[in-house]
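got a predicted model here, sequence first, then my questions.
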Amino acid sequence: MNKIKNLVLTFMFSSILCNCATVNSGSVVDDGKVEGKLQNIYDSSEYKNANIYVSSYNGEVLLTGQVPNIKTKENAEFDARATPGVNKIYDFLDIRLPQSLAAKTTDSFTTTQVRAKILNLEGVSSNNIKVVTTNNIVYLAGVVTKAQATLIANAAASINGVDKVITIFNYISR
């Protein structure tokens, strides 16, 4: 019941729940290059006490992980905003100690389970969906219909150990 409540709240308040920043960009986006460039920055000594994950889908960047303080969080968003090809930032960085190896392993396993569930959904192409899990929170991105979004989010919420599902979908009509 709590998962369903979180899912409904996520749909209703997704723009409120996320700390979104819009950036102007008129260029075609190469998500792999954006992710690689930002991950190199976040793996540098400037972010030595941080654990930042970068995911990009159609120029929209999702930042998840842990940072030691607000200044590091602000710097991470600034660096993302300054990266060519980024037109929107979803900042879900937590100010806290980095997660353990065991937690990272659990998150990876959860992502695999969510992907497997999505593969079995009728009318949904799993190639169009990005799944990221950090601290038992599943983030879903992609271009889908509202009906597909509901199916995908419900599938993710049904996985044991998922605390919350946050959707950052772009919606199309069919």
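Sure thing, it's come through.

in stretch 31-51, what counts as buried?
Under the neighbour-count criterion of 16 or more other C-beta atoms under 10 Å, stretch 31-51 has 31, 34, 35, 37, 38, 41, 42, 47, 50, 51 buried. Every C-beta, even on glycine, is put in place using the N, C-alpha and C of the backbone.

what about those residues, which are in strands?
Among those, the members falling in strands (DSSP state E) are residue 51.

any chance of JSON lines for the buried residues of stretch 31-51, columns pLDDT and distance to residue 87?
Converted to JSON lines, these look like this (pLDDT from 0 to 100; distance: C-beta to C-beta, whole Å):
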{"residue": "31", "pLDDT": "91", "distance to residue 87": "11"}
{"residue": "34", "pLDDT": "95", "distance to residue 87": "10"}
{"residue": "35", "pLDDT": "95", "distance to residue 87": "14"}
{"residue": "37", "pLDDT": "96", "distance to residue 87": "15"}
{"residue": "38", "pLDDT": "97", "distance to residue 87": "14"}
{"residue": "41", "pLDDT": "96", "distance to residue 87": "18"}
{"residue": "42", "pLDDT": "97", "distance to residue 87": "19"}
{"residue": "47", "pLDDT": "95", "distance to residue 87": "23"}
{"residue": "50", "pLDDT": "96", "distance to residue 87": "24"}
{"residue": "51", "pLDDT": "95", "distance to residue 87": "25"}
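
from the chain's centre, how far out does the longest helix seen in the chain sit?
Ranked by residue count and defined by DSSP state H, the top helix of the chain is helix 101-119. Mean-position distance between helix 101-119 and its chain equals 13 Å (C-alpha atoms, centre = their mean, to the nearest Å).

about what we covered before: among the buried residues of stretch 31-51, find me the one that's closest to residue 153.
Residue 153 lies nearest to residue 31 out of the buried residues of stretch 31-51, by C-beta to C-beta, at 21.5 Å.

got the contact list for that closest one?
Applying C-beta atoms under 8 Å, 6 or more residues apart in numbering to residue 31 gives the contacts 56, 57, 58, 59.

okay, those in CSV with secondary structure next?
Listed next are the contacts of residue 31 as CSV, based on DSSP: H, G, I helix; E, B strand; the rest coil:
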residue, secondary structure
56, strand
57, strand
58, coil
59, coil
